[in-house]
Every structure is written in C-alpha cells, then in structure tokens.
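S.K.: Quick one, fold the following:
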Amino acid sequence: MWKPFYVFLVLLTPLRLGAQNKVQLDAEQARILSLENAWDRAVKQKDAAALQMLLAPELVYVDYDGKLMDKAEYLSSVQSRALHPERIVSESMNVHVYAAAAVATGVYRESGERNGKPYMLRERFTDTWVRRGASWMCVSSNSTLINQ
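M.R.: Down below sits the predicted model:
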C-alpha cells in the first residue's frame, strides 16, 4: 500500500523542484531586466555612482562604432559635457540565465544633443552579467548600430 504512495512522491518531486527553479529563473531574469533599466536611467542622469555599482571593474565595452573601452573610459564617455541625452529606452529585451552568468539582449534607443547638434541612435546590444555574491555586475557590453 505504501509503495504506490512513495512512487507518487518520487515522481512529484522533480515537478516541484522544476517549478521552484522556474520561479527562481524568472526572478533572476526580472532582476537583470531591472538592472538594464537602471543602467539606462544612470546614463541619462550621468550618475557615475550608480554605474559604478552596475559595472564590474573589468568591464569590456564595445561601442556601436567599434571603439573598445574599459570601465573608466566608458564612465568618462557617459559624463562628457558634450553629450546631453534626453531620451533613453531599451526595448525587445530578453535575458538568458546560466547559473552565475546571464546574457541580456535587446534594442537600445537614445536621442539628445551632442556637441550642440541633435542625435538619435538605435542599437542592438548584448550585455553579459555575472553574479557576485548576491549582486549582478555587467562584465561585457557590445552594441551594433541599426541603420535608420
């Protein structure tokens, strides 16, 4: 009599664990999406302190024009006095989580004023995030310009 009950429990356990893992995966994906949105806000506001928390010290950033930057160079480019972003939006974002790493992809739109002239960018991006303790940090970002 107990044998069918134990078999049922054994068969049910992977379903429960799978559901728990799915919930945890969804939570991590949502967390990365919120970090991506925080990054957009920090760039728009030129908030270097927020960017310091989001970006790993060893960040490798490849801009849409192929320019390779480390973290210090990227932060400097964001804080440029010649750059005045007015609108920054990331859309069509997708996140894939792999244990302690995650890859976010999407389309980044930015418009504003650079050197006194209006500009508009539309880029496809890939960001690689790594879990460090309880936090996630971006270690690599690559963007490609999408022609208008």
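S.K.: Centre-most residue in this structure?
M.R.: Taking Cα atoms, centre = their mean, the centroid of the chain lies closest to residue 36, which sits 4.0 Å from it.
S.K.: what are the ranges of the strands in the chain?
M.R.: 55-62, 68-69, 83-98, 101-114, 117-132, 135-145 (DSSP state E).
S.K.: Out of these, which gets nearest to residue 41?
M.R.: strand 83-98 (7.7 Å; Cβ to Cβ). Quick note: C-beta positions are derived from backbone N, CA and C, even for glycine.
S.K.: Take the strands of the chain and write them to TSV, including distance to residue 46 and mean pLDDT.
M.R.: Output for the strands of the chain, formatted as TSV (distance: least, Cβ to Cβ, whole Å; pLDDT from 0 to 100):
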stretch	distance to residue 46	mean pLDDT
strand 55-62	14	98
strand 68-69	16	98
strand 83-98	8	96
strand 101-114	11	97
strand 117-132	16	97
strand 135-145	17	97
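S.K.: what would those strands look like in a markdown table with mean neighbour count?
M.R.: Below are the strands of the chain laid out as a markdown table (neighbours: other Cβ atoms under 10 Å):
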| stretch | mean neighbour count |
| --- | --- |
| strand 55-62 | 16 |
| strand 68-69 | 13 |
| strand 83-98 | 14 |
| strand 101-114 | 17 |
| strand 117-132 | 16 |
| strand 135-145 | 17 |
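S.K.: Many thanks, I have nothing further to ask.
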